[in-house]
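[1] Need a 3D model of the following:
(chains A, B and C)
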Amino acid sequence: MSAPLTTSVDVPIAPHPLPAKTFWGRALRHRSFVLGGVLSLLVVASAALSLVWTPWSPYEIDIASKLRPPSAAHWLGTDTFGRDIVSLLLAGARATILVGIIAVSIGLTFGVCLGLIASAKRGWTEEIIMRFSDFTFAFPAVLSAIMLAAVAGPGMLTSIIAIGIFQIPTLIRLTRGSANAIWAREYVLAARASGKGAFRITIEHVLPNILSILIVQATIQFALAILAEAALSYLGLGTQPPQPSWGRMLNDAQTMLFQSPMLAVYPGAAIAIAVLGLNLLGDGLRDLFDPRLARER
Amino acid sequence: MADPATMPLIAVENLGVRLNTSRGPAQAVRGVSFALKRGETLGLVGESGCGKSVTALSLMGLLPDSAVVTGSIKLDGRELARLPDADYCGLRGNRISMIFQEPMTALNPMHTIGHQVAEPLRRHKKYSAGQARTEAIALLDRVGLPDPAKRIDAYPHQFSGGQRQRVTIAMALACEPDLLIADEPTTALDVTIQGQILDLIADLVEERGMSMILISHDLGVIAENVQRMMVMYGGTVVESGPTDEVFRRMGHPYTQGLFRARPKLGARKGTRLTTISGTVPELADLPAGCAFSERCPLVEDKCRAALPPMVEVGPAHVVRCVRTDVSMAAKVGALSA
Amino acid sequence: MSVFVLRRVLTLLATLVGASVIIFLVLDALPGNAAQMLMGADASADAVRALTVKLGLDQPLAVRYLQWIKGLVVGDLGNSYVYGTPVGSLIAERLVLTIPLAIMSMLITVTLALSAGIYTAANHNKLGDVGVMSLTQIGIALPNFWFAILLVLLFAVRLQWLSAGGFAGWEDGIWPGVKSLLLPSISLAVVQAAILARVTRSAVLEVLREDFVRTARAKGLGKREVLWSHVLRNAMIPVMTVMGLQFANLLAGTIVIENVFYLPGLGRLIFQSIANRDLIVVRNCVMLLAAMVVIVNFVVDVLYAFIDPRIKVHDL
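    So this is what the prediction gives:
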């Protein structure tokens, strides 16, 4: 599977609340933030556009006009089934984003909650949650997807669940690590001394202070989810035809590698652009949220 | 060439260092000059950020690559400023050594102390592993590390702060350097250990006839350990002279401020600690004139206009101030204290 | 063996048992009847019942689980539902390909990543650093199976230096086998190496800021000597952690890459078994992969003690 670990072991030392005032001013001058933002927006816009308009129908099979080279009618040509590549690419963004968003939401919900609980309760609770997190690491998305596909059949739901599970341990570790740093701060001590409970402190102090870290990580997790989704649909475990998806397009293109090699280039480039965009956006956000760290990197 | 007997071991002439900081380029050191003969000891005193450590690092050739060094640093007449790093490596740890402030982090946690003490011997004196080990044990014994033959294969985390500082001293002395630079060697240590370490350094300096530059923010440490002293502020030397002389008759308002601000034993309960008002200026935005002008009680317009010249106020005792007539009249120092 | 090592080993065993329970429950309990799935929806009830008894699926869940675990311990994984041959030998045949593939790609990953990471850190903020770091940013964004397809396009379709897929086996010596695993392992390695190179770079940069680096320089060591004799060993701790975690991705990656290159490895076996509804093979393959991930990360933890004198084996 192609999902890399980028920052799973990083535990940020000093999380910072979002500095509000000059944020956009600095953001627009930050190169990787701007480039990442543009690329990510491009992907989102493609998905949105495909909901209302595509040059051709991405579902319509027209064997007569299969494997056409690029032309005025088909900007990037057609595939083995005569479907328009541009339309498939646009509609493929949809599946990618849908799976990505739901999977990351699952990961965030479980990961952040468990991480916060581990940090607030400590002791045995923390030990159990962290063991669970280590344990989940043993199941990369492909492995979970294989098990689910073996019993429930492949499909979008299978890939969403598998990728969601795969997201959880990284987010638990990150949340716990950064929350522990907040719990050690003086103002949290003060809040505890004034009799506030663990739940209120978590909501009022811990969560707002680790929010910027979580936003950055969510962006990077989204990129990982896109890679995982592509791999799963390439393997036939994820999004199923006729629903267009980038991974599936690559699988179809591979059988035609000698006849029309370019078919294998476009969808992969689309995946790479989406992932690159989100990674750059995440890096940019990290720099903007914490300029002190940015300088040191 | 000048007669080696009279020629200074190290001669610094109009040293300037410009650093690239996060707030832009900063002139960390301006116009620092001094000369040190073999066996002489010199103290550098001042608050953090005054340029004393940067001066020391420029003698070691260990400033960041982006730093720009101007002026001249001569060791036995050989120019060191802007010397290529490969040539500098032959001097560092061999003829010039340095002891750093933080013994807890100055040693590599992954190597045994024996390995680390032996490293300069193997590099500069080309000792074999066996020779270097024997010598390292002797050195560790000399700096007072208990049971060195047994503990030579231990790792830094197995030692206390004071013991680790003894190890770094052994490391610095391994090749019998001509010049030892000690940068706040006791600041990070317990008060009870501080005296022992300073005594050890003083003994070793005397025993081996080394020259020493001792850097400290503590006037007490300077008073007891060096023959001559320089007070630095904002990258410039504001006062310099024989230690006794400077303590007897302090000339610069900043030196006087430092002296008044030291906590005194036996002060009457309720006595407020005297402080110097204001804060140390950022090196990136130093004023054009006297660096201390922002905080000086005696400031005049001409202080802000240009850097004041050095004024001789006693034998070998110079002060960078245009108002010495007023400041010296206050008779701050051991004379009045 | 001290209490601490014992505790560490117990955690390892507990994780393995936990993994086996999850795998067993998901694959054997949820779907209902494996026999029905094997024979298809229109098989007669009698035939299904007969097969159920034959495969031992009429036993209670706990009994079947314990039988499986007992088999795992003594090395008898049962017989494939479809082929009737022992699962152990089915897997062993495939590991001959998958393990060399994983080792080759790990070696390429580590070589590429360490050299790129050390080079960029030593040339911090210079042109080479910026260039290599931009490359790694792109490398991280590449899906490894797409990179594999691009490699096939270049080396098999265009240049025709290597074949587009298939495995030559080890019968004719090492080289034909290695050659057929070359493109697969490179495509697996490059993406992982991009990540590891970034980790290595930041770890080295972090250590370069430590005081003891200045101390070593003050002794007269050159920048290069300090890097090799003082910095690298300190920087290896975070690098090794990530390497251990990457191993999981690498194994998962072999499943995908074997499909790209039509390699008859463990990944292909799993897919054939899913298609054939051969759940006993799927179960053992998944268990094997999960166990490898857990064990490799355990080994990394133990290795810390050898690298870092501050961690004694009894602290683990």
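[2] show me where pLDDT drops low in the stretch 151-300 of chain B?
    B:264-273, B:283-284 (pLDDT under 70).
[3] Helices of the stretch 151-300 of chain B, start to end?
    Under the criterion DSSP state H, counting those that start in this stretch, the stretch 151-300 of chain B contains helices at B:161-173, B:191-208, B:219-225, B:243-248, B:253-261.
[4] winner for burial among the ones you listed?
    Among these, the stretch with the highest mean neighbour count (mean count of other Cβ atoms under 10 Å in any protein chain shown) is helix B:161-173, at a mean of 25. Heads up, the C-betas are built off the backbone N, CA and C, glycines and all.
[5] wait, does that one contact chain C?
    Yes: Helix B:161-173 reaches chain C (Cβ under 8 Å from any Cβ of the partner chain) through B:T168, B:M171, B:A172.
[6] Just the CA atoms of that helix, as PDB, please.
    Taking C-alpha atoms only, helix B:161-173 is exported to PDB below (Å, rounded to 0.1, in the frame of the first residue of the first chain):
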ATOM      1  CA  GLY B 161      27.300  17.700  36.600                       C
ATOM      2  CA  GLY B 162      30.500  18.500  38.500                       C
ATOM      3  CA  GLN B 163      32.100  15.300  37.400                       C
ATOM      4  CA  ARG B 164      31.200  15.900  33.800                       C
ATOM      5  CA  GLN B 165      32.700  19.300  34.000                       C
ATOM      6  CA  ARG B 166      35.900  17.700  35.200                       C
ATOM      7  CA  VAL B 167      35.800  15.400  32.200                       C
ATOM      8  CA  THR B 168      35.400  18.300  29.800                       C
ATOM      9  CA  ILE B 169      38.400  20.000  31.500                       C
ATOM     10  CA  ALA B 170      40.400  16.900  31.100                       C
ATOM     11  CA  MET B 171      39.400  16.900  27.400                       C
ATOM     12  CA  ALA B 172      40.400  20.500  27.000                       C
ATOM     13  CA  LEU B 173      43.800  20.000  28.600                       C
END
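[7] Which strands or helices does that helix pack on?
    Secondary-structure packing of helix B:161-173 (3 or more Cβ pairs under 8 Å, 6 or more residues apart in numbering or on different chains; DSSP states H and E): strand B:96-99, helix B:103-106, helix B:113-124, helix B:129-142, helix B:191-208, helix C:211-218.
[8] wait, which of these is closest to A:P70?
    Nearest to A:P70 among the helices and strands packed on helix B:161-173 is helix C:211-218 (55.5 Å), distances taken as Cβ to Cβ.
[9] Spell out which residues of the stretch 51-200 of chain B are next to chain C.
    Counting by Cβ under 8 Å from any Cβ, the stretch 51-200 of chain B sits next to chain C at B:60, B:62, B:85-86, B:89-94, B:97-98, B:100, B:102, B:105-112, B:119-120, B:123-124, B:155, B:157, B:168, B:171-172.
[10] Contacts made by stretch C:150-166 with the rest, please.
    Applying Cβ atoms under 8 Å, 6 or more residues apart in numbering or on different chains, the contact partners of stretch C:150-166 are A:257-258, A:261, A:264-265, A:268, C:179-180, C:182-183, C:186-187, C:260-263.
[11] Can you give the contact residues for stretch A:248-257?
    Here stretch A:248-257 has contacts from A:67, A:79-80, A:88-89, A:92, A:230, A:233-236, A:239-241, A:260, A:263-264, A:266-268, C:145-146, C:149, C:152-153, C:157, C:164, C:260, using Cβ under 8 Å, 6+ apart.
[12] from the stretch 1-150 of chain A, which residue is nearest to chain B?
    In the stretch 1-150 of chain A, the residue found nearest to chain B is A:R26; the distance is 14.8 Å by Cβ to the nearest Cβ.
[13] helices and strands around the helix or strand hosting that residue, which ones?
    A:R26 belongs to helix A:23-27 when assigned by DSSP states H and E. Counting contacts by 3+ Cβ pairs under 8 Å, 6+ apart, helix A:23-27 packs against helix A:262-289.
[14] Please name every helix or strand in contact with the helix it packs on.
    helix A:23-27, helix A:31-52, helix A:85-121, helix A:207-235, helix A:246-254, helix A:291-296, helix C:127-141, helix C:144-151.
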